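1. predicted structure and sequence below. I'll ask about it afterward.
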Amino acid sequence: MPATSPASASTLSFAPAVLFLSCSADIVARSLLGESIALDAALALRDDVSTDEITPLPILTHYDDKLGRYPYTGFRAGDRTPIGADAIRLRGVEVVVAGKRYGKGSSREHSPAAEKLAGVRLVIAQSFERIYRQNADNIGLFTSTDFGLVARIQAGEAIAVDELVAGRDALAAAILKSGGLLRFGQRFMRDIAVAPHAQNDGPQTLFEKIVARHALVTELTDAHPAPGAGAFVRADRRVIHEYYTGMAAHMLHATFGAPLVLHDPASILVFEDHTSYVDESPAHMRGGLVPNVHRMVQAQRDFAAAYGLRSHRTLTEAEAAAGDGGNVAGISHAMVAEHYALPGQLVVGTDSHTPHSGALGCVAFGVGTTDMANAFVTGAVRLTVPQSLRIVLDGAMPPGVTAKDIVLHLLAEPFIRAGGGVGKVFEFCGAAIGGLSTDERATLTNMTAELGGFTGIVAPDAETLRFLRERRGIDFTLEPWMASDEGAAYAATLHVDCAAVPPMVARPGDPGNGMPLAEVGEPVRVDIAYGGSCTAGKREDFDHYHAVLRWAADRGLRVAPGVQLFLQFGTTAVRDHCIAQGYMDAFEKVGARVLQPSCGACGNCGPGGSIRADQVTVSAINRNFPGRGGPGRVWLASPPTVAASAIAGELVSFEALRQRHA
């Protein structure tokens, strides 16, 4: 989708009919019909409207004007989804109003693109998630936190563009006034270079040091940006997958023509990691979308071939059975940590879970399609420099408690629930970090996406060197600068007593619905148990699955009647580890179905998702927004809890399962 023309007018007028994304489906329906509803009468507005609701995953098979038919088709008000296909276009909606943390979840630019293509020009919310808002900026969709605009727009008043960009950093304002990032790039980014590195006068965080070493000089950005400032950086790796490449190619060719001249194509990595099981995805099969997915995948393959980009293609079960011939496949961000990222580097990817690689001591963050398209041709990646949070993990984790439990505990903290982590860097440190493997650290940094953060990072240490040496055959030397300085500035410091964290779960609807498993109360039966995804498809995660399932198999236990257990490798290296360790015997004996590497059910793209609203899933994935894992209810849990629950047929910890069969 090409960027829009510059917003050259000093004021903008909007259609007076405002769509309120209210908790009341009746208010939503009335505002869609064009009724003028006062803001006070529309309350309470829905908080936490996710990108899964703005553009449900099956819609992402479209990457052109067709997206404009579908915004908000997954939006829930109570138990209803009151907005159908074409509703926004047909009603001429230009202004949408919602509550806190709008656009949380995926980095998919399809969401603001669908809104804009449907005619929406302004979204007003109490607060926005970082990636969503940056994606909106990049395509020229205005966003504001000024609720005073609502009554003025309803009264027909024109709004000054300067008001619409009030409070934004100078770079964001300039991008919006240019009509989007690609047009901004044409105007301001013809000659850019890495800023000469200079020693900072004061103490810095590791994040700040890495950004300073990658900062670019442009007409509108500082060589040494401070928190809150807009900046451009050069990435050591740019990573894209099939849900974004066709869209990026479409907008680049529409804007610049073909062929393109890509900046440093050797540093671009292309992955197929979401769609290998799409032929078994009910969401895609019911909608007749499987052919769309195949066209989308082919569009990526064509783009990669045309420009000679390094690609990791999907691995099907048939190929695995026949011998994959050394094909190295897997989920993009897990593969980047296994094969590419290094301490001190800067990595960007078109996925909100790109921070996975922060476990290695690099800066890794997610961007949208326009950001990546611009980076393809300029080499520059936009960011608004965030503040950092210091997350001190104290104490030793009890047996049976994993990094996933720590994250679910953090997600339930009032500070995080109130949005205290939105847009921040999560720097994990403390005594407990030293005892965590790189796989477990990756769970922490990966799920900064759910915490609302910009990225997560762990300073590299002896464990990092072990991982690089044993997993990748690299003898890496840590440099003295690769740690935060004493006295570095943090927005806040949070302490977690890991010794007091029990096995956790998150109730359906939001990863922030965390609670101790022991406090769930009434038994929760499960129909589906899923172990996999980038968060929980790593080697150590499979060590946990196996520990539970080997124990069960040795006692003649199997997956409970009526329950399906799916285990999906994150990468081929994880699969090979499981085979070498002899894990497959236990998986087979308990009746698990083992799946080849892919995002799979985490993105509602394959086995492991529900097909009916009455089904209950316990899943080790990272998010459980409405519709994310199918129409049923999804409980989030750690790998051992998922495996134990599959055997028990209800939510249960491994320790509780052992007590039942003592």
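-> That came through fine.
2. after the strand or helix carrying Asp52, next one along is what?
-> Using DSSP states H and E, Asp52 sits within helix 51-54. Heading C-terminal from helix 51-54, the first helix or strand you meet, by DSSP H and E, is helix 87-91.
3. avg pLDDT for that following helix?
-> In this model, helix 87-91 carries a mean pLDDT of 96.
4. list the buried ones in it?
-> By neighbour count with 16 or more other C-beta atoms under 10 Å, helix 87-91 contains the buried residues 87-89, 91. All C-beta spots, glycine's among them, are computed from the backbone N, C-alpha and C.
5. could you do stretch 464-471 as well?
-> Going by neighbour count (16+ other C-beta under 10 Å), the buried part of stretch 464-471 is 464-465, 467-468, 471.
6. out of those, list just those in helices.
-> Residues from these lying in helices, with DSSP state H as the criterion: 464-465, 467-468, 471.
7. of these, closest to Arg130?
-> Arg130 lies nearest to Thr464 out of those, by C-beta to C-beta, at 26.4 Å.
8. do you know how far that closest one is from Ala341?
-> Per C-beta to C-beta, to the nearest Å, Thr464 is found 11 Å from Ala341.
9. with Ala304 instead?
-> For Ala304, the distance to Ala341 - C-beta to C-beta - is 20 Å.
10. more neighbours, those two?
-> Shown here are Ala304 and Ala341; by other C-beta atoms under 10 Å, Ala341 has more neighbours (28 against 22).
11. follow-up on the earlier one: quick one: which of the buried residues of helix 87-91 is nearest Pro561?
-> Within these, distances to Pro561 taken as C-beta to C-beta reach their minimum at Ala87, with 42.8 Å.
12. OK, contacts around the closest one?
-> Applying C-beta atoms under 8 Å, 6 or more residues apart in numbering to Ala87 gives the contacts 32, 72.
13. try 10 Å this time
-> Counting by C-beta atoms under 10 Å, 6 or more residues apart in numbering, Ala87 makes contact with 19, 28-29, 32, 69-73, 93, 118.
14. dump the residues you listed into a markdown table; add neighbour count and distance to Pro56 as well.
-> Shown next, in a markdown table, are those (neighbours: other C-beta atoms under 10 Å; distance: C-beta to C-beta, whole Å):
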| residue | neighbour count | distance to Pro56 |
| --- | --- | --- |
| Leu19 | 26 | 18 |
| Val28 | 26 | 17 |
| Ala29 | 16 | 19 |
| Leu32 | 20 | 18 |
| Arg69 | 19 | 12 |
| Tyr70 | 28 | 8 |
| Pro71 | 32 | 10 |
| Tyr72 | 29 | 10 |
| Thr73 | 21 | 6 |
| Val93 | 25 | 19 |
| Ala118 | 24 | 15 |
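15. pick out the most distant pair among those.
-> Comparing every pair within those by C-beta to C-beta identifies Ala29 and Arg69 as the most remote, at 18.7 Å.
16. do you know the pLDDT at the residue nearest to Ser653 when sequence neighbours are not counted?
-> Using C-beta to C-beta, 6 or more residues apart in numbering and skipping the chain neighbours, the partner closest in space to Ser653 is Pro503 (4.4 Å). If you check Pro503, the pLDDT there is 97.
17. and if you look at Ala489?
-> If you check Ala489, the pLDDT there is 96.
18. for Gly358, see how far away it is.
-> 19 Å.
19. of those two, which one has the most company?
-> Comparing Ala489 with Gly358 by other C-beta under 10 Å, the one with more neighbours is Gly358, at 32 against 14.
20. next up, the contacts around that one.
-> Contacts of Gly358 (C-beta under 10 Å, 6+ apart): 206-207, 333, 337, 341, 347, 364-365, 425-428, 441-442, 444-446, 448, 453, 455-458.
21. what is whichever helix in the chain runs longest packed up against?
-> With secondary structure taken from DSSP H, the chain has its longest helix at helix 290-307. Helix 290-307 sits against strand 237-241, helix 242-256, strand 268-271, helix 282-286, strand 310-312, with contacts defined as 3 or more C-beta pairs under 10 Å, 6 or more residues apart in numbering; DSSP states H and E.
22. how long is stretch 640-660 end to end?
-> 16 Å (C-alpha to C-alpha, to the nearest Å).
23. return the set of buried residues in that stretch.
-> Applying 16+ other C-beta under 10 Å to stretch 640-660 flags 640-658 as buried.
24. same deal with stretch 507-520?
-> For stretch 507-520, the neighbour count (16+ other C-beta under 10 Å) marks 507-517 as buried.
25. what's the closest of these to Ser127?
-> Gly512 (14.2 Å).
26. could I get the contacts of Ala87 as a markdown table with distance to Glu109?
-> A markdown table is the format used below for the contacts of Ala87 (distance: C-beta to C-beta, whole Å):
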| residue | distance to Glu109 |
| --- | --- |
| Leu19 | 21 |
| Val28 | 24 |
| Ala29 | 28 |
| Leu32 | 24 |
| Arg69 | 17 |
| Tyr70 | 14 |
| Pro71 | 13 |
| Tyr72 | 16 |
| Thr73 | 17 |
| Val93 | 20 |
| Ala118 | 15 |
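27. distance from the helix holding Asp52 to the middle of the chain?
-> In terms of C-alpha atoms, centre = their mean, to the nearest Å, the centre of helix 51-54 is set 12 Å apart from its chain centre.
28. point to the residue nearest the middle of the chain.
-> Taking C-alpha atoms, centre = their mean as the criterion, Ser352 is the residue nearest the geometric centre of the chain, at 2.5 Å.
29. that one contacts Thr51, correct?
-> Yes: with contact defined as C-beta atoms under 10 Å, Ser352 reaches Thr51; the gap is 8.7 Å.
30. which residues do those two both contact?
-> The overlap between the contact sets of Ser352 and Thr51 (C-beta under 10 Å, 6+ apart) consists of 104-108, 129, 131-132.
31. where does the protein dip in pLDDT?
-> For the chain, the stretches with pLDDT under 70 are 1-8, 190-191, 193, 195, 197-200, 320-326.
32. one more time with 50, if that's ok
-> 1-7 (pLDDT under 50).
33. nearest to Arg295, of the buried residues of stretch 464-471?
-> Arg471 (35.8 Å).
34. so who does the closest residue to that closest one other than its chain neighbours touch?
-> In this structure, Arg471 finds its nearest non-sequential neighbour in Glu338, 6.5 Å apart by C-beta to C-beta, 6+ apart. For Glu338, the contacting residues are 328, 330-331, 357, 438, 442, 467, 471-472, 538-539, 570-574, by C-beta under 10 Å, 6+ apart.
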